[in-house]
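# I would like to see how this sequence folds:
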Amino acid sequence: MTVKVLLADDQALLRATFRILIDSCSDMEVVGEASNGAEALELARTHHPDVVLMDIRMPGTDGLSGTAGICADPELASTRVLILTTFETEDYVAQALRAGASGFLGKDVTADALLAGIRTVASGEALLSPGATRTLITRFLTSPAPGTCLAPPERLADLTGREREVMALAAE
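Next comes the predicted model:
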């Protein structure tokens, strides 16, 4: 099976480089190129790619909005989005995953790792770069466990026991 890939990046030189790399593989082909998220959604509806290789920061409609549009479209249910970005921040990783991305890689990835990532996502698996994984682990370890009661802020420390009880009941 040939994996059909749609490229979405605002930098034409990067798109050309990715096209050469992907088209050099016998099991992949580039079916289109977009310079923003809106174009990516439009081309995805036309070409029905297996994978959209999506940058985040693009003019007009960004890659996160484009990802959300692709992942929400029932006509594109089998299309997977692989984010490829320079910015592996906690916010971007979380937003990309919430938008429906199947993978997240930094642009510092090797060519072999990028191609393997495209194949992984095309097969229906999820993929995170080591940087994105580290970001999510840090977020997980610094967040309170579900159901954990956080210590009340100092401004509430002066409340009487009855006042706290009333607040707890009101919160329910």
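
# Need the three-state assignment for the residue minimising distance to the centre of the chain.
In the chain, the C-alpha nearest the mean C-alpha coordinate belongs to Ala96, at 2.7 Å (CA atoms, centre = their mean). Under DSSP: H, G, I helix; E, B strand; the rest coil, Ala96 falls in the helix class.

# Next, the contact list for it, please.
56, 63-64, 67, 83, 104 (CB atoms under 8 Å, 6 or more residues apart in numbering). (C-beta placed from N, C-alpha, C; glycine too.)

# buried ones in stretch 75-89?
76, 79-85, 88 (16 or more other CB atoms under 10 Å).

# And stretch 136-143, by the same measure?
Those would be Leu136, for stretch 136-143 by 16+ other CB under 10 Å.

# Name the surrounding residues that touch it.
90, 93-94, 128.

# follow-up on the earlier one: out of the buried residues of stretch 75-89, who's nearest Met167?
Glu88 (40.0 Å; CB to CB).

# So the closest one: helix, strand or coil?
Classification of Glu88 using three-state DSSP returns coil.

# Need the pLDDT of it.
Looking at Glu88, its pLDDT reads 85.
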